[in-house]
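**Q** test case, fold it:
(chains A, B, C and D)
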2 protein chains.
Amino acid sequence: MTLLQSLSKNQQIVLDIIKKAKGPLKAYSILFNVQKKGINAPQQIYRALDKLIEMGKIHKIESKNAFVACKSSDCEISKATAFSICESCEVVDEISDAKLSKYLSGFNRKKGMKFKRFNLEFFGICKKCK
Amino acid sequence: MTLLQSLSKNQQIVLDIIKKAKGPLKAYSILFNVQKKGINAPQQIYRALDKLIEMGKIHKIESKNAFVACKSSDCEISKATAFSICESCEVVDEISDAKLSKYLSGFNRKKGMKFKRFNLEFFGICKKCK
DNA sequence: CTTAAATATGTTATATTATAACAAACGTTA
DNA sequence: TAACGTTTGTTATAATATAACATATTTAAG
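**A** Okay, the predicted model is just below:
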């Protein structure tokens, strides 16, 4: 019984914009894009972003302070994220690799803690930019 | 012939503070700590931080916008970084694991790009906080 | 139904993080 | 010592993010 969590108005607006985008979007760039829709304040964007992240609909690219839609046809909650980032054209791709994910999910420091979540960012130059 | 790059005055001041710290430091917290030493402006901190990162003396924890000293007795240039981050006490540990590093350095997307660098952040609750 | 609780919204203000731009000093090294 | 690159100092401002509070809407329980 997959009670597919419905989105609020602002959450839907923000998600739509992020989905349509070709690359990662910054919060204020989202804001400028939705002012015609009656959203005027950063708070409104950040609140929607927070919820969308919680729901696993989007991810934050930490090294860029930008947001992308989740590619994995709606992962539940993002415990294991990996991205490839082109340092030239700034294109970001979500990496879905079962082996990688399993390897990292199973990785635990000897004396240390058990991990709940990880985020991995790869950097390089993509094929197009070479 | 290891020409061990010498640090400038500000670079040395900033590095010393980061090394003494128990956890990751934020740029403005560094700034407040060095105002007695005649450093007054964010620019001066950020410039030192940038150079120290280039040299591999420190790393930026992207998810926290904070900086830690490199633990690996001065890694050359940080092409492969991994950290464990406690979500409770916020302690950050650099992970030096040859296998992990090798695994990830060898990871290349099939059709995609060859990676030059990666950064991995694990999150959980550390032993002390459990 | 209808009241209470939780969630979402709108809004103003402000905090935090980071860079731009320019002038002066310092340090190589040729 | 002149020319170049690097570092410094400084003022200003850009970019990213949260606090706090009032109101509205949705959900769930009695």
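
**Q** look at the residue positioned nearest the centre of chain A and give its secondary structure.
**A** Nearest to the mean C-alpha position of chain A, counting by CA atoms, centre = their mean, stands residue A:59 at 1.4 Å. Here residue A:59 is strand, with the state taken from DSSP: H, G, I helix; E, B strand; the rest coil.

**Q** identify the bridge partners of it.
**A** Here residue A:59 shows beta-bridge partners residue A:68, assigned using DSSP bridges.

**Q** identify the residues contacting it.
**A** Shown in contact with residue A:59 (CB atoms under 8 Å, 6 or more residues apart in numbering or on different chains): A:53, A:67-68, A:70, A:78, A:81, A:83, A:94. (Glycine included, C-beta is placed from N, CA and C.)

**Q** that one and residue B:95: what is the separation?
**A** 22 Å (CB to CB, to the nearest Å).

**Q** only the buried residues of the helix-or-strand element of chain A with minimal mean pLDDT, if you could.
**A** The helix or strand of chain A with the lowest confidence, counting by mean pLDDT, DSSP states H and E, is helix A:98-105 at a mean of 92. By neighbour count on 16 or more other CB atoms under 10 Å in any protein chain shown, the buried set for helix A:98-105 is A:100-101, A:104.

**Q** so is that helix next to chain B?
**A** Yes - under the criterion of CB under 8 Å from any CB of the partner chain, chain B is reached by helix A:98-105 at A:100, A:103-104.

**Q** from residue B:127, how far off is the residue nearest to the centre of chain A?
**A** Taking CB to CB, one finds residue A:59 at 28 Å from residue B:127.

**Q** neighbours around residue A:20, how many?
**A** Using other CB atoms under 10 Å in any protein chain shown, residue A:20 has 10 neighbouring residues.

**Q** next: residue A:95.
**A** Residue A:95, neighbours per other CB under 10 Å, totals 18.

**Q** for it, which non-adjacent residue is spatially closest?
**A** residue A:82 (4.1 Å; CB to CB, 6 or more residues apart in numbering or on different chains).

**Q** residues contacting that neighbour?
**A** A:94-95, A:97, A:100-101, A:104, A:119-122.

**Q** same thing with residue A:63?
**A** Counted by CB under 8 Å, 6+ apart, residue A:63 has contacts A:85, A:121, A:123, B:62, B:119.

**Q** where do the strands sit along chain A?
**A** With DSSP state E applied, chain A shows strands at A:58-61, A:66-69, A:80-86, A:92-94, A:114-125, listed in chain order.

**Q** who does the longest one touch, helix- and strand-wise?
**A** This means strand A:114-125. Contacts defined by 3 or more CB pairs under 8 Å, 6 or more residues apart in numbering or on different chains; DSSP states H and E place strand A:114-125 against strand A:80-86, helix A:98-105, strand B:114-125.

**Q** quick one: that strand near DNA strand C?
**A** No - with CB under 7 Å from any atom of the strand as the measure, strand A:114-125 is seen stopping short of DNA strand C, the closest distance being 14.8 Å.

**Q** for chain A, which residues are neighbours of chain B?
**A** Near chain B, when you scan chain A using CB under 8 Å from any CB, you find A:62-63, A:84, A:86-87, A:93, A:95, A:100, A:103-104, A:107, A:109, A:111-127, A:130.

**Q** which of those count as buried?
**A** In the residues of chain A next to chain B, the ones that pass as buried (16+ other CB under 10 Å) are A:62-63, A:84, A:86, A:93, A:95, A:100, A:104, A:107, A:109, A:113, A:115, A:117-124, A:126.
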